[in-house]
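Participant: what's the 3D shape of this:
(2 chains)
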Amino acid sequence: MRIFGSNELKEDVLAKGLCIGCGACINLCPYFRSYKGKTASLFPCTVEKGRCFAYCPKVEVDLEALSEQTFGRPYDGNPLGTYRAIKTARAGKAVGAGQFQAGGTVSALMCFALSQGIVDAAVLTGREELLPVPRLARTAEEVLSCAASKYTAAPTLSALNEAIKAGGERLGVVATPCQTLAAALLRQNPMNEENFRDPISLLVGLFCTWSLDYRAFEAYVAGRVDIHKVRKVDIPPPPAEVLEIYTDNGRITVPLDEVRTLTNDTCGYCLDMTAEFSDLSVGVLEGRTDKNTLIIRSKRGEEVASAAEKAGYLVLEEMPTESLEHLRWAAGNKKKRALARIQEAGRLNTAEEAGRAMVRMNADAIAAILG
Amino acid sequence: MEYMAMGNEAFARGALEAGVKVAAGYPGTPSSEIIEQLSRAAKQAGIYVEWSVNEKLALEVAAAASFAELRSLAVMKQNGVNVASDFLLHLATSGTRGGMVLIACEDPGALSSVNEGDARTFAKLVEIPLLEPGDFQEAKDMTKWAFELSEKIRNLVMMRSVTRMSHASGNVRFGPLPSGEAKAEYKYSGGLLDPNTGPVTAGGYRHRFVLEKLKKAVALFEESPFNTYQGPEKPALLLITSSACYLYSREAARILDVEDKVGILKLGTTWPLPPNLLKKHLASTDNILIVEEVMPFMEENVKVLAAEMAAEIGIKNFYGKKSEHIPSVGELNPDVVLSALADILDVGYESVPAEYAKKTGALAYTKAPARALTFCPGCPHRASFWSIHNALELDARKGFVCGDIGCYTMAIGPTGFNTVKSVHSMGSGAGLASGFAKLRQFGMEQPVVAVCGDSTFFHSAIPALVNAVHHKADFTLIVLDNSGTAMTGFQPHPGLTVNAMNDEVPALDIAEICRAMGAKVEVRDPFNLEETQNALNQLLEYKEGAKVLILRQPCALSPQRKAGQKFKMQVDEALCLGETCGCGRLCTRIFRCPGLVWDQEKGISRIDEVICVGCGVCADICPQQAIKREVA
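Facilitator: All right, here's what the predicted structure looks like:
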């Protein structure tokens, strides 16, 4: 993996408007900070190879190497990534009541992991009015307070970095695909630190097609509701084509096509719809408001899902074939669109003399994606 | 009695010997010591000395005393004359009664300014006499005489000094101080044209009186002992000079050993030039070198006279700034005059052997430590700009700061994290910001911030804030309130409860004034980095109009803080990450308080216990909390 420093990170990612604000570069040092969803570099740093560059999911990501390191198999470009099984899932009776998104599977997994000591603390994303904020949860109550999708990019991994700095060793993380990718890079010790041990014991990924730019979303919403009273945001399944905003005073809906204009441009370069480098990935089950799709990827993921089911935290069922095919098709499309864009920008497998690539993968994978 | 006196002390003494009763000024290097010395003498001498809000006020306060038949003095640096210039023009038109002198101290080379201004042109512009003392004795004697001249012609007289006159010292013989009371009375009931009892007013019709007064002064200049000549009757080169350049010229002629070839005409009365005196000397040679600081003021005036007299004196060869023998930029010194003389007279001279100069130049470049301009250890500005810089970066809308005049001007550079992006004159930061913030309709989304000091606020930022509030310009004015006019030597201003003479006076509250105007006002302690930054980030998002953030913390050199050390600071070596990923030497490379030093050998930061004043701020910037803070 080619690793550079913060100046290259600024050049390749921040200056090009490609930063998604995942937080992977924040709380490693005093130079990168996040404010209202945007990552800023406060001062230039002279360190030539830094963790900020190594963890960033938007530059020099060697998918081939990462796949081998994480799963022991090549990156083949298949739409849903590496997995052992795909099920439908929902929270079981053992999980307390909560404002879940769809089936509540993510909350269930984290509550279970905490209860068993599989994780000591969970890096999650809560909400302060309209703004999503990173949180470190240690109890089921705290986990449940972070439930529900946020739809705007948040620097969640800044809380991961903070927890690691404080000595955290068994951390759970709930992350969007870009955040999951960064966390997966971190787990592989790219800087070859001595005495390194993977601090993440359970990495749960979320499905994602795009996320909204927080500041643009805030400006859009502020004209329609008192943002200080926002409690929840939701996008109900098709054919609704709306976004719902819940406040203390009730609920308003806005057209989804208006909201789509507020998406982060960088999401158009993202190959990953189902968080392919997680232990487990969770998304909505198409057409249902009460169930999730659960992709089981790693051995750890398989163990946790199975144990959670036995303990009554999770209810697992077979994944309907049609839904699975549709998911595969949607994920494949996102991959194809994104790879075409990356290629056009000259950032796929970029030659050393020409600069730094966004992603690296082998020819077979490219062919498989572009079809 | 002879004393070793600074030029500014000599000016003050001259004014006292002339019986000055009122002196007003605004702090400005290199003029400040004149008012400082007079304020110390105020009680004993029974006079009134004032640090006015700005130079316009200083000139007005002094003028009032003159109209009431007292002798008065106004003091300022070159830019101050610009500030006072509107009133100055009208004052010259209306004339004065009690002798009135305006002393303008200039800063050639801009050692302590952001411009190389020459105030002498104002004398020509408003048509009043101009005097320039050439040494320290003259600084005193000419001041005394200037008051007499002013009363003879019934108009104010301008005196010009430069850094090396005001701040250098020499032997000065003091004269007696006058005794006797003075009664101030403003007579106004006479006719409009009566200079002694009529109302004192400007008016276009008065212009010819101004010119008549100037003519009277010129007649006196022809015989003035302050214009001196030394050298041969028919010199190969006539060197015309004034002010501190007189001393440089004498030194240069002596070192080059050309005192038999070069005649030095030192002019003390430089506007208007006495034509007969000039004719006599211009006729004595074909070659004339003019040596003066800043503008070619004398050079051009002499050339005008020479053109007028050409039929009588002949055509001359002029050397000076136009011929590039004397630089037009930067402060002069004896070497400059030496090079000019050597070139004109074709005499070999090398101030430093070329080989040596090359060697020392190279060594200076590699061996001399890089010493950038820096805030003092414990300076509140360092903390303020840390927060301002970071708040703007996090806001991420390309916000910028319009700067102003004071120590905080240095925030253009690394000591203030390159935060300030424009600098002009006193109060112009807020003024520009008021303008920038009205460009929203043309698509400008950048947040606009201005900084000014507490003294600058009173000097000229208030009208700018009024303008912004009234015109709904959404900009944030950050007042860096360090409890004094710090850069110039910690003089008092209207925000404090003492004045120049140490009397107790009412202080004006900056926050209340801004609130009364209708601005949104917040007050914070800049040493509390988090609170300051949060307050600013919130204000930056408020779009409804002008906002003020007052950052209040006394200057590190203020009497309040100088004696004490609040905290004892120490770096925990085990925690310090030094150059590695996670820190990258943030405290010694970016924050750069002089109290923090980099230990190259150990690869960690340390506190320099001699320099550190224990403000405690660095403890809050270390990413490892390796800098420990203990109450002293």
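Participant: the chain - how does it break down into domains?
Facilitator: Since you didn't name a chain, this refers to chain A. Taking automatic domain parsing as the criterion, chain A consists of the domains A:6-213+A:263-370, A:214-260.
Participant: hm, I was asking about chain B
Facilitator: Split into domains by automatic domain parsing, chain B comes to B:2-222, B:228-345, B:380-561, B:564-631.
Participant: is the closest residue to chain A within chain B part of a helix or strand, or is it coil?
Facilitator: Minimum separation of chain B from chain A (Cβ to the nearest Cβ) falls at B:Leu394, amounting to 3.6 Å. To be clear about C-beta, it is placed using only N, CA and C from the backbone, and glycine gets the same treatment. Secondary structure state of B:Leu394, per DSSP: H, G, I helix; E, B strand; the rest coil, is helix.
Participant: need the phi and psi values for the closest residue to it other than its chain neighbours.
Facilitator: Excluding the flanking residues, the one nearest B:Leu394 by Cβ to Cβ, 6 or more residues apart in numbering or on different chains is A:Tyr35, at 3.6 Å. Main-chain dihedrals, A:Tyr35, degrees, to the nearest 10: phi -140, psi 120.
Participant: which stretches in the stretch 201-350 of chain A count as strands?
Facilitator: A:230-234, A:242-247, A:250-255, A:280-284, A:292-296, A:314-318 (DSSP state E, counting those that start in this stretch).
Participant: okay, buried residues for the last one please.
Facilitator: The one in question is strand A:314-318. Going by neighbour count (16 or more other Cβ atoms under 10 Å in any protein chain shown), the buried part of strand A:314-318 is A:Leu314, A:Val315, A:Leu316.
Participant: check the first one too.
Facilitator: Using 16+ other Cβ under 10 Å as the burial criterion, the residues of strand A:230-234 that qualify are A:Val230, A:Lys232, A:Val233, A:Asp234.
Participant: from those residues, which has minimum pLDDT?
Facilitator: Minimum pLDDT for the buried residues of strand A:230-234 is recorded at A:Lys232 (87).
Participant: that one reaches A:Tyr246, doesn't it?
Facilitator: Yes - assessed by Cβ atoms under 8 Å, A:Lys232 is found in contact with A:Tyr246 at 4.2 Å.
Participant: quick one: the nearest residue to A:Ala240 once chain neighbours are set aside from A:Gly103, how far?
Facilitator: Nearest-residue entry for A:Ala240: A:Leu256, 7.7 Å, with adjacent residues in sequence omitted and distances by Cβ to Cβ, 6+ apart. Distance, A:Leu256 to A:Gly103, using Cβ to Cβ, to the nearest Å: 22 Å.
Participant: those two: who's more crowded?
Facilitator: A:Gly103 (25 against 14; other Cβ atoms under 10 Å in any protein chain shown).
Participant: any idea how many residues pack against A:Ala147?
Facilitator: Residues lying near A:Ala147 (other Cβ under 10 Å) number 21.
Participant: name the SS class of it, please.
Facilitator: coil.
Participant: which residues does the residue in the stretch 151-300 of chain A positioned nearest to chain B contact?
Facilitator: In the stretch 151-300 of chain A, no residue comes nearer to chain B than A:Met191, which is 7.3 Å away by Cβ to the nearest Cβ. By Cβ atoms under 8 Å, 6 or more residues apart in numbering or on different chains, A:Met191 lies in contact with A:Ile3, A:Lys49, A:Arg51, A:Ala54, B:Cys581.
Participant: could you do A:Ala363 as well?
Facilitator: Taking Cβ under 8 Å, 6+ apart as the definition, A:Ala363 has no contacts.
Participant: those residues of chain A touching chain B, which are they?
Facilitator: A:28-31, A:33-35, A:38, A:40-43, A:45-47, A:49-52, A:191 (Cβ under 8 Å from any Cβ of the partner chain).
Participant: confirm B:Ile388 sits in a helix?
Facilitator: Yes - under three-state DSSP, B:Ile388 falls within a helix.
Participant: what sits closest to it if chain neighbours are left out?
Facilitator: The shortest distance from B:Ile388 to any non-neighbouring residue, by Cβ to Cβ, 6+ apart, is to B:Thr419 (5.5 Å).
Participant: ok, now which ones touch that neighbour?
Facilitator: B:Phe385, B:Ile388, B:His389, B:Leu392, B:Val401, B:Ala411.
Participant: now with 7 Å, please.
Facilitator: Going by Cβ atoms under 7 Å, 6 or more residues apart in numbering or on different chains, B:Thr419 touches B:Phe385, B:Ile388, B:His389, B:Val401, B:Ala411.
Participant: any idea how far whatever helix or strand B:Gln533 lives in is from the chain center?
Facilitator: Assigned by DSSP states H and E, B:Gln533 falls within helix B:529-541. The chain centroid and the centroid of helix B:529-541 are separated by 33 Å under Cα atoms, centre = their mean, to the nearest Å.
Participant: which other helices and strands does that helix contact?
Facilitator: With contacts taken as 3 or more Cβ pairs under 7 Å, 6 or more residues apart in numbering or on different chains; DSSP states H and E, helix B:529-541 sits against helix B:380-395, strand B:520-524, strand B:547-552.
Participant: wait, isn't B:Val631 in contact with B:Gly564?
Facilitator: No - B:Val631 is not in contact with B:Gly564 according to Cβ atoms under 7 Å; the separation is 11.6 Å.
Participant: ok, back up a step: look up the pLDDT of the residue nearest to A:Ala240 for me, please.
Facilitator: 95.
Participant: any idea how far it is from B:Arg120?
Facilitator: Taking Cβ to Cβ, one finds A:Leu256 at 72 Å from B:Arg120.
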